[in-house]
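Q: prediction below, plus the sequence it came from.
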Amino acid sequence: MKVSWIKLDSDRKNFKLQENLGFDVFSLEHDADVDKKIDELITNKYNTIIVSNEVAGLSEKINKEYLHNRNVNIIISRDKDI
């Protein structure tokens, strides 16, 4: 089982613990890269992908395509209130 986290580069609060522990946390510079990065992770056999709420809002494929893909679980994280 391979797990990854995706957030925006400007996001300094979400997935900080996972990043400090050395887990696979990917920061995206451009908003348009969301679906491309998720497709890349699926190709690399990641079967659980956790995205920040902000990233989920930028994806066009989460509810259309990934919802029906049984080989991957997309989890939308709640934003942290800091």
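A: Structure received.

Q: for the longest helix belonging to the chain, buried residues please.
A: The residue-count maximum for a helix in the chain (DSSP state H) belongs to helix 34-43. Neighbour-count burial for helix 34-43 flags V34, D35, K37, I38, L41, I42 (criterion: 16 or more other Cβ atoms under 10 Å). All C-beta spots, glycine's among them, are computed from the backbone N, C-alpha and C.

Q: so what's the third one up against?
A: Under the criterion of Cβ atoms under 8 Å, 6 or more residues apart in numbering, the neighbours of K37 are I6, F26, L28.

Q: the chain: helices as residue ranges?
A: Using DSSP H, the helices of the chain run over 16-20, 34-43, 53-58.

Q: out of those helices, nearest to S77?
A: Nearest of the helices of the chain to S77, taken as Cβ to Cβ: helix 53-58 at 6.4 Å.

Q: now what about that closest one, what contacts it?
A: Under Cβ under 8 Å, 6+ apart, the answer for helix 53-58 is 6-8, 11, 28, 31-32, 34, 62, 76-79.

Q: C-alpha coordinates for that helix, PDB please?
A: Taking Å, rounded to 0.1, in the frame of the first residue of the first chain, the C-alpha atoms of helix 53-58 are listed here in PDB:
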ATOM      1  CA  ASN A  53      -9.500  20.700   0.700                       C
ATOM      2  CA  GLU A  54      -8.000  23.500  -1.400                       C
ATOM      3  CA  VAL A  55      -6.500  21.000  -3.900                       C
ATOM      4  CA  ALA A  56      -9.700  19.000  -4.100                       C
ATOM      5  CA  GLY A  57     -11.500  22.200  -5.200                       C
ATOM      6  CA  LEU A  58      -9.100  22.600  -8.100                       C
END
